[in-house]
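Asks: Here's my sequence, what's the structure:
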Amino acid sequence: MKIAVALIASLLPFAASAQELWSPIVSRDLRFRLEMPAPVEQSTAPRERGHAGARQAWASKLDEEMFDFDFVDYEDGTLAKDSKTMARELGRGEAEKAFPPARFKYMRDEAITVQGWDGYALDIVDDKGHGVMMRTFIVRDRLYRQLVSHRGDPRTTVAAKRFLDSLKFAETRQPQR
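Replies: Numbering: from 1, shown residues only. The predicted structure is shown next:
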């Protein structure tokens, strides 16, 4: 028993330091929460045409790999028409130009749902195993985007998945009847 307690006590500094490397991000309107490696930089882009507000963004790095998250509110009714199609178009659009399938392997390319909200997952790797994982979600008239890179090694891959899985929305969408 004493050995187990001593072992746990010796590991606590490592567990605490690992937890300190991540920062919780919670929106001012309390509509989402996620975690990103610390330190995190927040920025605001000017309002674009069709948007109801400015784009809010957060960025950080871990072992030189990028972690990006942003959201923007669209004018009422803009995204609600067909959120599955919109999530795909907004999730793939520029990615197909930046990562042509002739040079990159698309590991995951599919519609997803989180808490009942429509989204799109696109995971891409190159011939060295380096990857980019993107998620796009539509929650009412708000577009959320996550983008993370990894080297394919266990540390950066686990961190990328932790970042993607940490996004939680304040409300769950009820199934439509």
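Asks: quick one, phi/psi of the most centrally placed residue in the chain?
Replies: In the chain, the residue lying closest to the centroid (C-alpha atoms, centre = their mean) is Gln146, at 2.9 Å. Backbone dihedrals for Gln146, given as degrees, to the nearest 10, come out at phi -120, psi 140.
Asks: In this structure it contacts Arg135, no?
Replies: Yes: counting by C-beta atoms under 8 Å, Gln146 touches Arg135, with 4.3 Å between them. Just so you know, the C-beta spots here come from the backbone N, C-alpha and C atoms, and that holds for glycine as well.
Asks: Find the residues that touch each one of the two.
Replies: Overlap of the contact sets of Gln146 and Arg135 (by C-beta atoms under 8 Å, 6 or more residues apart in numbering) consists of 164, 167.
Asks: what bridges to Trp117?
Replies: Val114 (DSSP bridges).
Asks: can you give me the strands in the chain?
Replies: 22-26, 32-37, 41-45, 55-62, 65-73, 105-114, 117-125, 131-139, 142-150, 168-169 (DSSP state E).
Asks: From the contact counts, what lies against the third one?
Replies: I take that to be strand 41-45. strand 55-62 (3 or more C-beta pairs under 8 Å, 6 or more residues apart in numbering; DSSP states H and E).
Asks: The closest residue to Thr44 other than its chain neighbours: what's it in contact with?
Replies: Leaving aside its sequence neighbours, Thr44 sits nearest to Ala54 (C-beta to C-beta, 6 or more residues apart in numbering; 5.0 Å). Counting by C-beta under 8 Å, 6+ apart, Ala54 touches 44-47, 72.
Asks: want to throw these into CSV with distance to Met86 and pLDDT?
Replies: Below are these laid out as CSV (distance: C-beta to C-beta, whole Å; pLDDT from 0 to 100):
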residue, distance to Met86, pLDDT
Thr44, 23, 94
Ala45, 20, 90
Pro46, 22, 86
Arg47, 19, 84
Val72, 13, 91
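Asks: Let's have those residues in JSON lines, adding distance to Val158 and neighbour count.
Replies: Putting those into JSON lines (distance: C-beta to C-beta, whole Å; neighbours: other C-beta atoms under 10 Å) gives the following:
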{"residue": "Thr44", "distance to Val158": "30", "neighbour count": "11"}
{"residue": "Ala45", "distance to Val158": "30", "neighbour count": "12"}
{"residue": "Pro46", "distance to Val158": "36", "neighbour count": "7"}
{"residue": "Arg47", "distance to Val158": "36", "neighbour count": "13"}
{"residue": "Val72", "distance to Val158": "29", "neighbour count": "20"}
